[in-house]
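Engineer: sequence first, predicted model second:
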6 protein chains.
Amino acid sequence: MSINLSAITAFLDKTLSVDSIPDASRALNGLQLENEGAVSKIAVAVDGSEKTIHAALDLGADLLILHHGIFWQDMQPVTGISYRKLKAAMDGNLAIYSAHIPLDVHPVYGNNALLAKTCGIRPAGEGLDYHGVSMGVCGEFAGTCRELAERLESALGAPVQTFWAQSEEAPAGNVFICSGGAGNELVQAARLGCRTYVTGEGSHWNIPMADELGINLVFGGHYFTETFGVKALGQLLKDVYGLDYAFIDMPPSAYSH
Amino acid sequence: MSINLSAITAFLDKTLSVDSIPDASRALNGLQLENEGAVSKIAVAVDGSEKTIHAALDLGADLLILHHGIFWQDMQPVTGISYRKLKAAMDGNLAIYSAHIPLDVHPVYGNNALLAKTCGIRPAGEGLDYHGVSMGVCGEFAGTCRELAERLESALGAPVQTFWAQSEEAPAGNVFICSGGAGNELVQAARLGCRTYVTGEGSHWNIPMADELGINLVFGGHYFTETFGVKALGQLLKDVYGLDYAFIDMPPSAYSH
Amino acid sequence: MSINLSAITAFLDKTLSVDSIPDASRALNGLQLENEGAVSKIAVAVDGSEKTIHAALDLGADLLILHHGIFWQDMQPVTGISYRKLKAAMDGNLAIYSAHIPLDVHPVYGNNALLAKTCGIRPAGEGLDYHGVSMGVCGEFAGTCRELAERLESALGAPVQTFWAQSEEAPAGNVFICSGGAGNELVQAARLGCRTYVTGEGSHWNIPMADELGINLVFGGHYFTETFGVKALGQLLKDVYGLDYAFIDMPPSAYSH
Amino acid sequence: MSINLSAITAFLDKTLSVDSIPDASRALNGLQLENEGAVSKIAVAVDGSEKTIHAALDLGADLLILHHGIFWQDMQPVTGISYRKLKAAMDGNLAIYSAHIPLDVHPVYGNNALLAKTCGIRPAGEGLDYHGVSMGVCGEFAGTCRELAERLESALGAPVQTFWAQSEEAPAGNVFICSGGAGNELVQAARLGCRTYVTGEGSHWNIPMADELGINLVFGGHYFTETFGVKALGQLLKDVYGLDYAFIDMPPSAYSH
Amino acid sequence: MSINLSAITAFLDKTLSVDSIPDASRALNGLQLENEGAVSKIAVAVDGSEKTIHAALDLGADLLILHHGIFWQDMQPVTGISYRKLKAAMDGNLAIYSAHIPLDVHPVYGNNALLAKTCGIRPAGEGLDYHGVSMGVCGEFAGTCRELAERLESALGAPVQTFWAQSEEAPAGNVFICSGGAGNELVQAARLGCRTYVTGEGSHWNIPMADELGINLVFGGHYFTETFGVKALGQLLKDVYGLDYAFIDMPPSAYSH
Amino acid sequence: MSINLSAITAFLDKTLSVDSIPDASRALNGLQLENEGAVSKIAVAVDGSEKTIHAALDLGADLLILHHGIFWQDMQPVTGISYRKLKAAMDGNLAIYSAHIPLDVHPVYGNNALLAKTCGIRPAGEGLDYHGVSMGVCGEFAGTCRELAERLESALGAPVQTFWAQSEEAPAGNVFICSGGAGNELVQAARLGCRTYVTGEGSHWNIPMADELGINLVFGGHYFTETFGVKALGQLLKDVYGLDYAFIDMPPSAYSH
């Protein structure tokens, strides 16, 4: 059984509002690489690395859906790494589709919405303004900081790094979740009234910044906070088109030998 | 015993070439805050946080030398955090001097030169080009990747995060050291011919990037790679002016309660 | 008797629409410097100069309201003049609040509206467009050019410099008032149909420009056209909070010894 | 007797280094308007106003040399004022040549050099940096502030506005002269070590700025500080080509009726 | 019989929405050169060249209406070519009015609308987006490619250059017409669904581009596609004001001797 | 027999100074697409069109050298045309190398130098300044305009379009040759003193521009002026490496069916 690539692409573009949601140019949301036109097996993953492409090919996939696409590191001439990746994908008839900000902010399939839901946080407040789009999810967590950390570690499947403003037994309060590398955004989130800020990773100076602002800061890992969206898209395409999908888990540790 | 603040400032500006080395505007290298004019006790630290300022005051310092100054988080109106920090420093007669890139790249007192030296790496190759200034230190490490990691952990006093291209028993080869948050610079360093790239911290996508480039990547911690320079300046001022100095150690963990 | 600084700040921000009215970055409208939190005596003045700060401290003020704030000359490191001014204000527990364009354009407390009113000019026409905000006041003056000059000198308390297109006995006609240093704006004002343009100061070439456009030009003095707004704010805070205020008169001549 | 316009233009361009000295685009240094090719009578003036053009025509001039040319107010369509000015000049066969910064900074014929010379100030120090060109003249005045003011009034033929840092009986010291509207440059001049700053005109806030910097400030009038250069060019052309010239004196007061 | 220039100018500005339609700065739409105020004879032409101005003067015109005005080649000093053109026009009392994009896009008098109409193409689809204005006309041509070419040659009075995607006997289909030098816009037009793209001229690489996109490309000549609008304005002014007009035909070949 | 692709690439990069000669980003000079590493047959062509790629594959080439590379029309996602072109080239193991400005300006293998040589014009004067690189060739042609046109048509193998300032029997004089689409550069070339300007193509307004400047203008066809360089590179590689090469001739007419 197979489905037209163009039908899937059109469905995803529309579901994720790919044409209207702003993003960095390197994200290049939408179809990034065609194949010969049909899709029978889908792989989903966070990063468009060479390892991920080979894993998708090993799975027999003909469509790979990514959060960080294959232009992330600014491919220009099709030489070296770019050549190896495009050549492998093309020879294996693997199409590649990517969705970055559109997949962070989607209210149902987005990384933020899904991480919040998994932790029992119901979206209540305003998000950050990203060129007119609301980014991040804010809501009350009914427990202590320590309990939030446990809940996050269970949701992410990985340890978190925590910086508590008072003590781990204080209530976590209003929690703002912004997946990926959004450390600098903690200032805006603090202005919106959160007591705890959760993101994937940040810069070193976000740590004294949070301390001075008097808010809790939690780093959950860039990768681990962004597996939710692509898995949800895989499941969605399975539901809609009946196509099988597999999640390729390629955390940082997978890149060390 | 005390020394004129203006004499010390002029000496540091000249030693570090503060006027000619390019930097981000928020770095604002040089004297950032005056005091009443005399210096008898010096504190040095990495970050200009509120906690660091209070620690310097507790030590009785009247000059605080920083790597990331007090304008790092872009102070504008003197309200809230800015007010608290400036008020505390001014009331305590604490002058503040900051040196960022000039202190990363200095061949004798710079973070890169000193970290390389501590690891037994002798600078040999070219540095990265930072607006015409050579940044980072490159040299051969005569040992395996595992041995380099051990040497770094001992030098930094903190665990490192490693991504080995082949195996930890392979030779580390040409090692490029670039302190702080210079993950994206690994591409340039790879072009300059290094086999192992060491920096403080980076973005998640630096990890698959290193893998695709076939080079080893080591994150040593932004803070831990940048304690060398300010300590060396403290010692230098002690040698030149006979003034006492203390290093204020305020690693990330110090900001969690 | 004292009032919370934050209450006064919030009241002024709202009254003057400080958050939504555009301005140059150096204006930094709103609270520029905190104090320990309470206000019992207010000083108002046009310029945030060192002399003005000392005059406010001599009056025992704990809040100084300015038209040109203390960042006007682009403070960056807190050294030299910046250090002296901030140190004096902080040691004297003097908060500083500034409002520039918001205080020029306010329909009730604005410099333009009040100068027009004092001269018997009722706002009738359109203002200049300043990034979407209407700036300046235009209305008929029922008298000759000479009579307008007399009326202005009495309102400003200072001599004016006049350039009459025809004769001082011609009717002043439609008068456009734009406080401060808005000489170049006379071209726009001429397009809006005024016969006489009044501003504080301009460049030399505004003079032949007015002549070629066939309109009257009056320079009333930058300082003298901008005392109205801060005095009105002082009176407003007295009415609302019952706090005493004093106007610090520091015209150009006060800076010469 | 007449001389080719192109010969005069080439001579002035070379003498004043019009091609290599930087300037604002509206200055448009060099020949701004051709005539039929011959020059027999020259007029020189500061501003390219309509009144000046008519005065030049009344004098029978066929070349008008200006400091502020006819594009100063950014002519675009040849309508209204622009039409009237170009039409009058063209109908009267009047060529127009303009030199702005090149005529401020010239060591022999420049406004700054000549004003300094007239006041008995011998250039000694460094000038301000204007895109790589040295602007302004700095030298010792052997007298008091009051004596300098008298000397300036006599040289300029107009009253000056003075702001003395200490007293008019203090020595004027190192005097920096920068003709025209260079008020904001006083900060740079102060850094170069002058005790007294003389310019044509400035903004209101230059006055407290000078006070805080502890330097004397003198405003000599934009127009009056810039008559020297064009007169010197007239005399130069008389000496070289034997052509008669007249200076058209059109100070601000000439524009009021 | 004569009409006020200002009345005609105001009428054209309004008819063509000159104030609100965006354009390149060199287009300078509207009145570009005044005359003494009255218009009795109108000339219209495509380009504001020296030859065209002399032709208009030979016809006794006192208003010349252009598509590419006299600032097209960025006049700055009024010397050389600029002097000759302005001098000739002014001496001959010839006013010049220009309309570029406003005359390409006008639904009745525009080049695109009129060329489409002449070819029997009824506007049906969307235009290209030019800073918020719809540019170009799209509609079905009921004939073959060869028939379209014949129709265009007859409308333009000049041979066209054709690049057929399939064959000249295939249907021309949806035709997009964009007058002037709009070769690069074929990509956008292809996205809007046209099968044939007609413009005046383009770059060499538009030719393989059209081939790869599978659309027909026709170059009709920049000049020849833009004679319609100015002729229509001439006729309009004749209808409204009863003034005579003449079209000055100055195709490329007229510039060779 | 085959040669390493990397050897050829390094040789061309060095010969053409690809790293130091400035160009538009879309030119992307150097290797644009890898193959599996060996080259045994070379094709050279002007444009990187789909037709050219297929022609190269039909010839059995494994290296295609272009003047306008495959990123000329700004490929981004590898879909549609980009996909088809990359897929065809990759499947056929065809590497692609491109050189734009470096191949226009090269003194031996450059389009300008070779076209001048073919016409018997010896480079004598200065070139245009292109970001610090000298572009175009200027030299005396010892014949009439008509003779130059004949010489050019024979060299280019295509008719030229001519605009003579005086007559075709006038001497051609100093001829400036600038291959490709350099119509606007005629103003600069005229300033450098040429009497005749030859380029591939231009905009319509270059024609009256040349007339007003009084210089001859010749359009030789963008394509036809740029076949010289790639052929010379093919011959050079044959001489150096003994590899066979073929020139793929794909003029504009080849794109019409």
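Structural biologist: All right, it came through fine.

Engineer: quick one: the strands in chain A?
Structural biologist: Assigned by DSSP state E, chain A shows strands spanning A:3-4, A:30-33, A:38-39, A:41-47, A:63-68, A:95-98, A:128-130, A:133-135, A:137-144, A:161-163, A:171-178, A:196-199, A:216-219, A:244-247.

Engineer: burial count for residue A:230?
Structural biologist: 25 (other CB atoms under 10 Å in any protein chain shown). Every C-beta, even on glycine, is put in place using the N, C-alpha and C of the backbone.

Engineer: my read: it touches residue A:66, true?
Structural biologist: Yes - contact criterion CB atoms under 8 Å: residue A:230 and residue A:66 qualify, at 6.9 Å.

Engineer: which neighbours do these two share?
Structural biologist: Here residue A:230 and residue A:66 have A:44, A:45, A:46 as joint contacts, going by CB atoms under 8 Å, 6 or more residues apart in numbering or on different chains.

Engineer: does the second one touch residue A:230 like I think?
Structural biologist: It stands for residue A:45. Yes - under the criterion of CB under 8 Å, residue A:45 makes contact with residue A:230 at 6.4 Å.

Engineer: shared neighbours of those two, which are they?
Structural biologist: A:65, A:66, A:67, A:247.

Engineer: show the contacting residues for the residue of the stretch 101-250 of chain A found nearest chain D.
Structural biologist: Of all residues in the stretch 101-250 of chain A, residue A:212 sits closest to chain D, at 31.1 Å by CB to the nearest CB. By CB under 8 Å, 6+ apart, the residues touching residue A:212 are B:49, B:50, B:73, B:81, B:85.

Engineer: ok, and the most crowded of these?
Structural biologist: Most crowded among the contacts of residue A:212, counting by other CB under 10 Å, is residue B:49 at 27 neighbours.

Engineer: was I right about it contacting residue B:250?
Structural biologist: Yes - assessed by CB under 8 Å, residue B:49 is found in contact with residue B:250 at 6.8 Å.

Engineer: who touches both of the two?
Structural biologist: residue A:208.

Engineer: could you measure from the closest residue to residue A:22 other than its chain neighbours over to residue A:101?
Structural biologist: Closest residue to residue A:22 apart from its sequence neighbours, by CB to CB, 6 or more residues apart in numbering or on different chains: residue A:131 at 4.0 Å. Going from residue A:131 to residue A:101 by CB to CB, to the nearest Å gives 9 Å.

Engineer: also residue A:137?
Structural biologist: 14 Å.

Engineer: who has more neighbours, the two?
Structural biologist: Between residue A:137 and residue A:101, counting by other CB under 10 Å, residue A:137 is the more crowded of the two (27 against 22).

Engineer: that older thread, could you find the lowest-pLDDT member of the contacts of residue A:212?
Structural biologist: Lowest pLDDT within the contacts of residue A:212 is found at residue B:73 (72).

Engineer: could you find the closest non-adjacent residue to it?
Structural biologist: According to CB to CB, 6+ apart, the nearest residue to residue B:73 is residue A:209 (5.7 Å).

Engineer: residue A:226 contacts residue A:46, doesn't it?
Structural biologist: Yes - with contacts counted by CB under 8 Å, residue A:226 reaches residue A:46, the gap being 5.3 Å.

Engineer: which neighbours do these two have in common?
Structural biologist: In contact with both residue A:226 and residue A:46: residue A:67, using CB under 8 Å, 6+ apart.

Engineer: neighbour-wise, which of these two wins?
Structural biologist: residue A:46 (29 against 25).

Engineer: before we move on, the earlier item: show me which of the contacts of residue A:212 is closest to residue C:143.
Structural biologist: Among the contacts of residue A:212, residue B:81 lies closest to residue C:143 (CB to CB), at 55.0 Å.

Engineer: OK, contacts around that closest one?
Structural biologist: Residue B:81 neighbours (CB under 8 Å, 6+ apart): A:212, A:213, B:50, B:73, B:75.

Engineer: gap between the two ends of stretch A:119-128?
Structural biologist: Criterion CA to CA, to the nearest Å; first-to-last residue distance in stretch A:119-128 is 20 Å.

Engineer: would you indicate which residues of it are buried?
Structural biologist: Buried residues in stretch A:119-128, counted by 16 or more other CB atoms under 10 Å in any protein chain shown: A:119, A:121, A:123, A:125, A:127, A:128.
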